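Undergrad: Next come a sequence and a model predicted from it.
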Amino acid sequence: MSRRTEDVGQLPASYRHNRPLLSGVTQAEARQPGKSPHFSVNWVAGSADVEVIDATTGKRSCGRSSRLCKHRLSARWARLHGKLSTRIPSHGDAPSLYCEAKLGARTYQSVKQQLFRAFQKAGLGTWVTKPPEQDQFLLTL
């Protein structure tokens, strides 16, 4: 699997190309795919709180969003960024939209483009992108 991206090239110091050791199939019998469940479960180490998510809506049974949704994770990031920005020099105003914050991570964007080129070079096609409006929401604290 990792050979698909062998031509990814030199990466910045904070990134690395993982090459996990994958074993072959342990059973000769083919997997019998069934209908997927209509829920997913996540939990956090050190917490007894388990979150059950409706797979069709992406929300909890009470109607609230999951702690793993982009909006909640980005809000946590924005709070952390606010704490750090008082200690380190700021590079302009803090982003107000999630998509702006992602674009501001220049090294990440560069490495992502490098990976996309490696996929194309390996004949794996182009990366399928999601609709841009999915990332056009306000970063709130």
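TA: Received, thanks.
Undergrad: Quick one: the strands in the protein, in order.
TA: Ranges of strands in the chain, per DSSP state E, are 39-43, 50-54, 59-60.
Undergrad: what's next to the helix or strand of the chain with the lowest mean pLDDT, contact-wise?
TA: Among the secondary structure pieces of the chain, namely its helices and strands, helix 70-85 has the lowest mean (mean pLDDT, DSSP states H and E), a mean of 80. Helix 70-85 is contacted by residues 65-67, 94, 98, 101, 134-135, 137, 139-141 when judged by C-beta atoms under 8 Å, 6 or more residues apart in numbering. The C-beta positions use only the backbone N, C-alpha and C, and glycine is treated the same way.
Undergrad: If any of those residues are buried, put those into a ChimeraX selection.
TA: Selection command for ChimeraX covering only the buried members of those, criterion 16 or more other C-beta atoms under 10 Å:
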select :66,98,101,135,139
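Undergrad: Greatest separation within the contacts of helix 70-85: which pair is it?
TA: Ser66 and Ala94 (24.4 Å; C-beta to C-beta).
Undergrad: Distance of His81 relative to Leu73?
TA: His81 is 12 Å from Leu73, where distance means C-beta to C-beta, to the nearest Å.
Undergrad: My understanding was that Leu11 contacts Ser110; is that so?
TA: No - shown here, Leu11 and Ser110 do not form a contact pair, counting by C-beta atoms under 8 Å, at 9.5 Å.
Undergrad: I'd say Asp135 and Leu103 touch.
TA: No - between Asp135 and Leu103 there is no contact under C-beta under 8 Å: 9.3 Å.
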